[in-house]
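>>> pasting the sequence and the predicted coordinates here, then a few questions.
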Amino acid sequence: MVDLARELAGVLPGLRTSSDEADRVAYARDLWPRHHLAVRAGEPAGHRPATIVWPSSTEEVARLVRWASGRGVPLVPFGAGSGVCAGIAPREDVVVVDLKRLSRIRRLDPEAPCVEVEAGAMGVPFEQALGRAGFTLGHFPSSILCSTVGGWVAARSAGQCSGAYGKIEDMVSALECVTGQGEVVLLKRRTSRPDLVPLVIGSEGTLAVVTSAELRLHPSPAGRTFGAWSFPTTEEGWGAMRALFQAGLRPAVARLYDPFDAMLARHAGAKKSTPEGKRGGDALARARTFSGAALRAVLRRPGALNELLRSRLATRALGGALLVVIFEGSEEGTRHGLDQARALCESAGGVQEGEAPARRWLAHRYAVSYRQAPVFADGAFVDTMEVAARWSQLGELYEGVRRALGEHVFVMAHFSHAYPDGCCIYFSFVGSADPGLVRQLGWDAACAVTYDRAWRAALAAAVEAGGTLAHHHGVGRSKAPRLRAELGHGIEVVRSLMHAFDPAGILNPGNLLPSPSSAASEVVAPASPRDTFTALPLHLDRESLLARIDTRTDLALAESELRGSGLTLDITDLDITGQSSSASPAPPAPSMALGAWLAGGAPGARDRWLDPADQLLAGLDATLADGRSLVVRPAPRRAVGPDLTALFVGAGDRFGRIESAWMRVHRRDVTRPTAPAFEHDRDPPLSDGEQSLLDAIARSLAGGPG
């Protein structure tokens with residue numbers, strides 16, 4: 001370790017470094033709750049890096065990476081360490097690269113509007129600086145007090161206001177990166193040419209070191225409106241959420257609590273004796289209302305309690321589900337949005353509960369992240385799991401994961417991050433040691449066994465239900481063993497991307513993907529029966545407003561069929577009318593096959609920046625250039641590594657071709673929402689650095705990760 005630090009000092013004079021034992025312990029892990037159990041057991045740092053460095057410029061990062069690549073020294077990019085999936089677990093030979101000295105706002109363009117900010121900028125100071133200039137990014141993750149811009153990009157983060165502003169991938173217009181060879185490359189979003197930005201977003205430090213991001217901004221909201229409604233059942237509540245988003249409404253916040261979680265929220269708000277600073281928050285924070293002994297006693301047999309609370313009688317007694325909604329933007333727009341939401345929710349059976357629940361949530365929106373430690377101190381553990389699915393599979397996902405978790409831990413859930421085609425479910429759970437294992441293993445080790453069992457069961461249930469394993473927390477090492485069940489051969493594609501960006505394999509090795517030996521032994525899960533493609537060129541999931549279309553299908557023909565169901569692809573200048581003097585209209589004139597249209601960047605599709613909460617493509621079945629099959633299962637949003645659809649949309653047939661595509665379709669009777677203007681080049685030319693990466697990806701996919 002001393003020799004490595006000394007060598008760094010010689011190669012990069014002036015680079016701040018430390019091999020101090022306290023620093024090595026501090027940078028040994030992130031906030032994965034499984035790590036907390038080890039800390040409680042007296043093992044605070046099982047993985048300690050050799051040294052930590054704090055570069056202060058992109059060039060310094062590039063020189064560091066070139067040195068590490070030549071020496072074969074692994075590097076772990078580090079933001080603020082607030083991840084919860086074991087994305088940080090360095091070995092003794094690793095150099096941790098803390099990027100927080102790269103924290104400047106390089107440029108703020110009020111005309112676009114957009115901002116270029118370095119990756120180490122902390123969330124709250126960054127948003128405050130934007131606010132002083134009259135803008136907002138609109139990105140408010142629960143970790144905003146302890147996370148960085150680079151961390152948001154690396155994990156494919158979601159903020160609490162995603163309903164209006166989208167996730168971080170909907171905000172990035174360009175990324176400055178340092179590849180694993182030490183090359184500085186500026187990646188830009190584009191339409192009709194290849195777009196490498198979606199590959200780096202969500203790659204969790206395994207493809208490149210992100211040093212800055214150009215982000216789309218919105219004007220600071222002039223007003224907010226608040227509403228809340230109770231529903232007899234959780235399913236009726238998410239039916240109302242679906243109606244809101246499919247009617248073209250974009251509430252910044254839409255959170256639905258299941259009956260038990262809703263009861264706790266109502267109870268917390270009604271306790272007059274509770275100090276103001278302790279009100280609100282989520283159910284995990286309220287686990288502390290039990291004494292340690294009582295909490296452990298309740299959690300010994302969680303299954304019976306979970307079953308009791310699932311009963312219809314309990315649902316009625318608890319007061320049903322609770323939906324809170326917040327609109328923000330112009331004064332007139334927010335009032336209009338709330339009026340429409342009120343009508344939709346009440347027509348769906350909702351009972352208005354006034355503004356108070358939504359206002360209370362906003363006032364304490366970040367509190368829960370700082371109230372979990374006492375539960376660990378009392379001998380239990382807490383964690384969260386965020387999964388997502390299209391609306392037609394949301395019930396199966398909710399029941400399957402809740403049942404799987406409920407055999408091991410006490411489980412609650414709320415639904416947030418809704419979209420026109422689906423929603424995220426955020427499960428919160430509290431657990432303790434299996435009494436049968438305590439004498440054999442000890443308390444903390446027995447807790448770890450319960451924790452691992454719960455996670456294995458829940459991840460398997462999520463895959464079985466057709467959901468995605470992560471909506472915004474990422475994969476890290478905690479979910480990696482189950483990733484092949486969702487990505488299938490996509491695992492090998494991601495490995496090829498890693499090799500193209502980082503041939504020496506020095507960037508955060510061991511993160512994101514399962515080890516090759518464990519991956520080879522896993523069985524790829526088949527598509528669920530409802531996803532099986534039929535002989536028809538178009539399969540409609542009306543509930544999710546998705547259509548699975550054979551890419552050989554002519555666009556005009558697909559549009560004609562959709563219009564018969566009151567739907568549309570909403571492509572500008574797509575002529576489907578045909579001309580005929582007979583009573584029956586003539587068939588539509590040929591236009592272009594769907595596959596060629598997507599390969600060309602979907603010309604005529606609505607600009608992605610007009611509605612950040614929407615998407616063009618939810619999933620696909622593709623054949624790679626070497627003949628391998630790739631399936632990206634449909635989901636409203638996902639955070640399971642690079643977005644592999646970027647290898648096909650706008651990229652021609654260089655990397656392969658799409659065989660069938662899950663396209664977002666739109667109701668013809670709904671006016672699509674429009675966000676404030678964003679003026680930037682939609683289709684910039686490829687740089688030499690980007691072209692070099694595209695060539696490397698093509699070679700790597702053709703020859704394997706080698």
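Yep, it's here.
>>> just the helices in the stretch 451-600 of the chain please.
All helices of the stretch 451-600 of the chain, identified by DSSP state H, counting those that start in this stretch, fall at 483-487, 490-501, 516-521, 555-563, 594-599.
>>> those: which one's closest to residue 166?
Nearest to residue 166, of all the helices of the stretch 451-600 of the chain, is helix 594-599, at 20.8 Å by CB to CB. Where C-beta positions appear, they are placed from N, C-alpha and C, glycine not excepted.
>>> may I have that closest one as PDB, with CA atoms only?
Extracted C-alpha coordinates of helix 594-599, given in PDB (Å, rounded to 0.1, in the frame of the first residue of the first chain):
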ATOM      1  CA  LEU A 594     -40.800  -0.500 -38.300                       C
ATOM      2  CA  GLY A 595     -37.300  -2.000 -38.000                       C
ATOM      3  CA  ALA A 596     -35.800   0.300 -40.600                       C
ATOM      4  CA  TRP A 597     -37.500   3.300 -38.900                       C
ATOM      5  CA  LEU A 598     -36.000   2.500 -35.500                       C
ATOM      6  CA  ALA A 599     -32.600   1.800 -37.000                       C
END
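>>> buried residues in it?
For helix 594-599, a neighbour-count test (16 or more other CB atoms under 10 Å) marks 594-599 as buried.
>>> re earlier: can I get the helices of the stretch 451-600 of the chain in a markdown table including mean pLDDT and distance to residue 88?
Formatted as a markdown table, the helices of the stretch 451-600 of the chain follow (pLDDT from 0 to 100; distance: least, CB to CB, whole Å):
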| stretch | mean pLDDT | distance to residue 88 |
| --- | --- | --- |
| helix 483-487 | 96 | 18 |
| helix 490-501 | 97 | 18 |
| helix 516-521 | 53 | 20 |
| helix 555-563 | 94 | 46 |
| helix 594-599 | 97 | 37 |
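>>> is it possible to get JSON lines of those that adds distance to residue 144?
Shown next, in JSON lines, are those (distance: least, CB to CB, whole Å):
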{"stretch": "helix 483-487", "distance to residue 144": "27"}
{"stretch": "helix 490-501", "distance to residue 144": "28"}
{"stretch": "helix 516-521", "distance to residue 144": "34"}
{"stretch": "helix 555-563", "distance to residue 144": "40"}
{"stretch": "helix 594-599", "distance to residue 144": "35"}
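>>> out of those helices, which is closest to residue 697?
Of all those, helix 490-501 comes closest under CB to CB, at 4.4 Å.
>>> and that closest one, what does it pack onto?
helix 483-487, strand 629-632, helix 688-703 (3 or more CB pairs under 8 Å, 6 or more residues apart in numbering; DSSP states H and E).
>>> need the CA coordinates for it. CSV is fine.
Written as CSV, here are the backbone C-alpha positions of helix 490-501 (Å, rounded to 0.1, in the frame of the first residue of the first chain):
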residue,chain,number,x,y,z
GLY,A,490,-27.6,-9.5,-22.4
ILE,A,491,-25.0,-10.4,-19.7
GLU,A,492,-22.5,-11.2,-22.4
VAL,A,493,-23.4,-8.0,-24.3
VAL,A,494,-22.6,-6.0,-21.2
ARG,A,495,-19.3,-7.8,-20.8
SER,A,496,-18.5,-6.9,-24.4
LEU,A,497,-19.3,-3.3,-23.7
MET,A,498,-17.0,-3.4,-20.7
HIS,A,499,-14.2,-4.8,-22.8
ALA,A,500,-14.7,-2.1,-25.5
PHE,A,501,-14.6,0.8,-23.0
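>>> can you list contacts of that helix?
Residues from elsewhere that reach helix 490-501, judged by CB atoms under 8 Å, 6 or more residues apart in numbering: 179-180, 199, 203, 206-208, 483-484, 487, 505, 507, 512-514, 519, 624, 628, 630-632, 641-642, 644, 647, 693, 696-697, 699-701, 704-706.
>>> can you check stretch 257-264 too?
Residues outside stretch 257-264 that contact it (CB under 8 Å, 6+ apart) are 230, 234, 265, 282-283, 286, 309, 314-315, 318-324, 412-414, 428.
>>> closest one of the buried residues of helix 594-599 to residue 45?
Of the buried residues of helix 594-599, the one sitting nearest to residue 45 (CB to CB) turns out to be residue 598, at 47.4 Å.
>>> the helices in the stretch 51-200 of the chain, which residues?
Under the criterion DSSP H, counting those that start in this stretch, helices of the stretch 51-200 of the chain are mapped to 58-71, 123-132, 149-155, 162-165, 197-200.
>>> which SS state does residue 300 fall under?
Secondary structure, DSSP: H, G, I helix; E, B strand; the rest coil: residue 300 is coil.
>>> which one is it nearest to, not counting chain neighbours?
The shortest distance from residue 300 to any non-neighbouring residue, by CB to CB, 6 or more residues apart in numbering, is to residue 435 (5.6 Å).
>>> wait, that neighbour sits on residue 299?
No - the pair residue 435 / residue 299 is not scored as a contact, 10.1 Å apart, by CB atoms under 8 Å.
>>> residue 636: helix or strand, and which one exactly?
Here residue 636, judged by DSSP states H and E, is contained in no helix and no strand.
>>> ok, residue 457 - contacts?
Contacts of residue 457 (CB under 8 Å, 6+ apart): 404-405, 407-408.
>>> of those, buried ones?
404-405, 408.
>>> how about the residues you listed in CSV, adding distance to residue 260, secondary structure and pLDDT?
Below are the buried ones among the contacts of residue 457 laid out as CSV (distance: CB to CB, whole Å; DSSP: H, G, I helix; E, B strand; the rest coil; pLDDT from 0 to 100):
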residue, distance to residue 260, secondary structure, pLDDT
404, 17, helix, 97
405, 13, helix, 97
408, 17, coil, 95
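>>> name the nearest of the residues you listed relative to residue 660.
Residue 660 lies nearest to residue 404 out of those, by CB to CB, at 30.0 Å.
>>> and that closest one, how far is that from residue 413?
Shown here: residue 404 relative to residue 413, a distance of 12 Å by CB to CB, to the nearest Å.
>>> closest to the centroid, which residue in the protein?
The chain has residue 472 as the residue nearest its centroid, 2.3 Å off, counting by CA atoms, centre = their mean.
>>> once you drop chain neighbours, what's closest to it?
Closest to residue 472 by CB to CB, 6+ apart is residue 158, at 3.6 Å.
>>> give me phi/psi at that neighbour?
Backbone torsions for residue 158, taken as degrees, to the nearest 10, come to phi -120, psi 140.
>>> re earlier: what is the burial count for the residue nearest to residue 300?
Residues lying near residue 435 (other CB atoms under 10 Å) number 11.
>>> highest mean neighbour count out of the helices of the stretch 51-200 of the chain?
Greatest average neighbour count among the helices of the stretch 51-200 of the chain goes to helix 149-155 (a mean of 29), per mean count of other CB atoms under 10 Å.
>>> mind exporting that one as CSV, just the C-alpha atoms?
Coordinates of each C-alpha in helix 149-155 appear next as CSV, following Å, rounded to 0.1, in the frame of the first residue of the first chain:
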residue,chain,number,x,y,z
VAL,A,149,-24.4,14.1,-9.9
GLY,A,150,-22.0,11.4,-11.0
GLY,A,151,-23.6,8.9,-8.6
TRP,A,152,-27.0,9.7,-10.0
VAL,A,153,-25.7,9.0,-13.6
ALA,A,154,-23.9,5.8,-12.6
ALA,A,155,-26.9,4.2,-10.8
